[in-house]
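S.K.: okay, structure incoming, though there's no sequence with it:
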């Protein structure tokens, strides 16, 4: 019989979110689905950050719709892995970082912690660059000033002090809605070719045969299947589970997993549509004959207005980019705290964690824009997402191993087909990363 932990709350950043959302047992199904909605949405925000924008815009402008299938397959892989993460957190009452600390030797655990921190810094670098570019485009400030302005988001995190988890989810939902409205309005303005979009959905190794195409595909993969989000989801999902309500036969546990799976799948499908929309927008606007070969995200802003026929398209682009950076800031802060507490048993206020992460990202961002110039932002954004992809196997391996252990997961351990699919994804992603590194060094 499955024994369940008795902790009642998840290890959230104490300055930002805390507690659980009550889910009464006698509620109708639709109410339960709504009450369980939220953690998946919070995680999906990471798949809409400025790094996704940069990889999708460069991919669409350089290769048209050819890499659209990479966005779709990466999102499906993210759904599989996030469902594993969700199940680990619900069943055991502990997040992935805590399990890594408890199940591995101190040396191995510290190594995994280091890789997780690198992924958070790489993600935050993308947020800094994206928000700096948005400030530059919307306010007319220089990029170095825009980078400096991103340091002020610590004030936003401080403003969340004492807020409940639902309030944070509502803020994130508002930012996601802003991104979606802006993007789909722009799609309407540029009017993409439906047949070309469908052709781009067909997988093909030939489409990623070129070195540049493979590099962008790896960037799209890293931007979509973010490693630190696997740690985050296993923690935030516990806000929907009151441990003392879970009976020993696992009935409530099974229901919690089913309803959380709905939240995860729906939220990540929303992220898929948004990421696909960015690539389709770039392909439709810039890959047409005479439309130019836009390689950088900042060029897209200036060229979008004449292509779409209205200046509103460029403004919507800037607003959506700013919203994507700010929404990712919230989730990055919580993910950093979850990882720090889980691996190191170290709890500090959220604003201090935000300062540490942002401080580590501001330096490379400022050096990049000062030494490489304004047009280096696109290259740095794509590079940061490639770094995320390189870190991904180090989060996938313990997740797949832990969820496959029936002594830990009981009846909720991975089924054989889940195990096969998960390890297949691990091999494919690791091999793609290794091939890219080989080509970079010896190709």
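M.R.: Looks like it arrived, so ask away. Note that the structure is a prediction, hence the values are computed from the model and not measured.

S.K.: work out which residue lies at the spatial centre of the protein.
M.R.: Note on the chain: the residue nearest the mean C-alpha position is residue 46, at 2.5 Å, using C-alpha atoms, centre = their mean.

S.K.: tell me the pLDDT of that one.
M.R.: What the model reports as pLDDT for residue 46 is 70.

S.K.: does it count as helix, strand or coil?
M.R.: helix (DSSP: H, G, I helix; E, B strand; the rest coil).

S.K.: contacts only, for it.
M.R.: 123, 226, 228, 229, 232, 328, 331, 332, 335 (C-beta atoms under 8 Å, 6 or more residues apart in numbering). In this view, the C-beta of every residue, glycine as well, is placed from N, C-alpha and C.

S.K.: which residue is the nearest non-sequential neighbour of the fourth one?
M.R.: On the basis of C-beta to C-beta, 6 or more residues apart in numbering, the spatially nearest residue to residue 229 that is not a chain neighbour turns out to be residue 46, at 4.7 Å.

S.K.: how near is that neighbour to residue 332?
M.R.: Going from residue 46 to residue 332 by C-beta to C-beta, to the nearest Å gives 7 Å.

S.K.: other SSEs contacting the helix or strand harbouring residue 229?
M.R.: Under DSSP states H and E, the secondary-structure element containing residue 229 is helix 227-236. In this structure, helix 227-236 makes packing contacts with helix 39-44, helix 68-92, helix 96-103, helix 106-139, helix 311-344, helix 377-403, judged by 3 or more C-beta pairs under 8 Å, 6 or more residues apart in numbering; DSSP states H and E.

S.K.: let's have those helices in TSV, adding distance to residue 441 and mean neighbour count.
M.R.: Below are the helices and strands packed on helix 227-236 laid out as TSV (distance: least, C-beta to C-beta, whole Å; neighbours: other C-beta atoms under 10 Å):
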stretch	distance to residue 441	mean neighbour count
helix 39-44	34	27
helix 68-92	23	23
helix 96-103	30	22
helix 106-139	20	22
helix 311-344	30	24
helix 377-403	13	23
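
S.K.: between those, which gets nearest to residue 265?
M.R.: helix 68-92 (5.8 Å; C-beta to C-beta).

S.K.: and the contacts of residue 46 as TSV, adding pLDDT?
M.R.: Shown next, in TSV, are those (pLDDT from 0 to 100):
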residue	pLDDT
123	85
226	82
228	87
229	88
232	91
328	74
331	76
332	78
335	86
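
S.K.: closest to residue 94 among those?
M.R.: Of all the contacts of residue 46, residue 94 sits closest to residue 232, with 13.8 Å by C-beta to C-beta.

S.K.: what is the burial count for that closest one?
M.R.: Residue crowding around residue 232 was assessed by other C-beta atoms under 10 Å; the count is 31.

S.K.: again with residue 37
M.R.: Neighbour number of residue 37 under other C-beta under 10 Å is 20.

S.K.: skip the chain neighbours and tell me the closest residue to it.
M.R.: Computed as C-beta to C-beta, 6+ apart, the closest residue to residue 37 that is not its neighbour in sequence is residue 263, at 4.9 Å.

S.K.: that neighbour is in contact with residue 36, isn't it?
M.R.: Yes: between residue 263 and residue 36 there is a contact under C-beta atoms under 8 Å: 5.2 Å.

S.K.: quick one: mean pLDDT for stretch 337-353?
M.R.: 84.

S.K.: hang on, isn't residue 121 packed against residue 358?
M.R.: No: using C-beta under 8 Å, residue 121 is not in contact with residue 358, being 9.6 Å away.

S.K.: re the thing from before, okay if I get the helices and strands packed on helix 227-236 as TSV plus distance to residue 150?
M.R.: As requested, these are exported to TSV (distance: least, C-beta to C-beta, whole Å):
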stretch	distance to residue 150
helix 39-44	21
helix 68-92	26
helix 96-103	26
helix 106-139	5
helix 311-344	8
helix 377-403	13
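
S.K.: among the ones you listed, which is nearest residue 280?
M.R.: Proximity to residue 280, assessed across the helices and strands packed on helix 227-236 by C-beta to C-beta, is greatest for helix 68-92 (6.9 Å).

S.K.: now do the closest one, average pLDDT.
M.R.: Helix 68-92 comes out at a mean pLDDT of 93.

S.K.: what angle separates that helix from helix 377-403?
M.R.: Following axes from the mean of the first three to the mean of the last three C-alpha atoms, to 10 degrees, one obtains 40 degrees for the angle between helix 68-92 and helix 377-403.

S.K.: circling back to that earlier point, what packs against the next helix-or-strand element following the helix holding residue 229?
M.R.: Per DSSP H and E, the first helix or strand lying C-terminal to helix 227-236 is helix 251-286. Secondary-structure packing of helix 251-286 (3+ C-beta pairs under 8 Å, 6+ apart): helix 29-36, helix 39-44, helix 50-63, helix 68-92, helix 165-190, helix 194-200, helix 211-224, helix 297-308.

S.K.: buried ones in helix 251-286?
M.R.: By neighbour count with 16 or more other C-beta atoms under 10 Å, helix 251-286 contains the buried residues 252-253, 255-257, 259-261, 263-264, 267-268, 270-272, 274-286.

S.K.: measure the residue nearest to the centre of the chain to residue 109 for me?
M.R.: Counting by C-beta to C-beta, the gap from residue 46 to residue 109 is 23 Å.

S.K.: got it, and residue 406?
M.R.: Distance of residue 406 to residue 109, given as C-beta to C-beta: 23 Å.

S.K.: with residue 276 instead?
M.R.: Note on residue 276: its distance to residue 109, by C-beta to C-beta, is 37 Å.
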